[in-house]
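*Asks:* here is a sequence together with a model predicted from it:
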Amino acid sequence: MIEHHLFVCNHQKSGVGDDVAKALKAELKLQGLKTFVSRGQKAHNRVQTCNCLDLCKNCKKGAGAAVVIYPEGVFYGNVRPKDAVRLVHEHLGLGRPLTDLLLSIKK
Ligand code: FES
């Protein structure tokens, strides 16, 4: 069972998206949230890079990457590798989105 699926845009020239994905994967392992038991079933949180999420116009024009987390469909912008610790702990562990990184999607 997949508990959460995180997609990280790695379309930036700086390569920050790959660094964010690596940091998120490392944090999942460190915090014991990569594979665990939820409601009596084996569960996984998965992180993968993806091509552009087409969210730059909504990003804060910062140096980070855009990330979307399903099944909630929560979008984050300007996520940097240092944010992985609290994103994994707060959002995936406690179910509390990081309000300072949330994107409001304007279509
Ligand atoms: S470069 Fe893909 S969302 Fe910004």
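*Replies:* Nice, thanks for sending it over. Numbering: from 1, shown residues only.

*Asks:* out of the helices and strands in this structure, which is least certain?
*Replies:* The helix or strand of the chain with the poorest confidence is strand 35-38; it has a mean of 90 (mean pLDDT, DSSP states H and E).

*Asks:* sheet-wise, list the partners of that one with their directions.
*Replies:* The strands that strand 35-38 pairs with in its sheet are strand 41-50 (antiparallel) (by DSSP bridges).

*Asks:* ok but residue 83 is inside a helix, no?
*Replies:* Yes: the assignment for residue 83 by DSSP: H, G, I helix; E, B strand; the rest coil puts it in a helix.

*Asks:* tell me if I'm right that it and residue 90 touch.
*Replies:* No: in this structure, residue 83 sits apart from residue 90 without contact. The criterion is CB atoms under 8 Å, and the distance is 10.0 Å. Any C-beta I mention is one placed from the backbone N, CA and C, and that applies to glycine too.

*Asks:* can I take it that residue 32 is in a strand?
*Replies:* No: according to three-state DSSP, the state of residue 32 is coil, so it is not within a strand.

*Asks:* how about the residues of this structure near the ligand?
*Replies:* On the criterion CB under 6 Å from any ligand atom, the ligand has as its neighbours in the chain the residues 9, 11, 12, 52, 53, 54, 55, 56, 59, 66.
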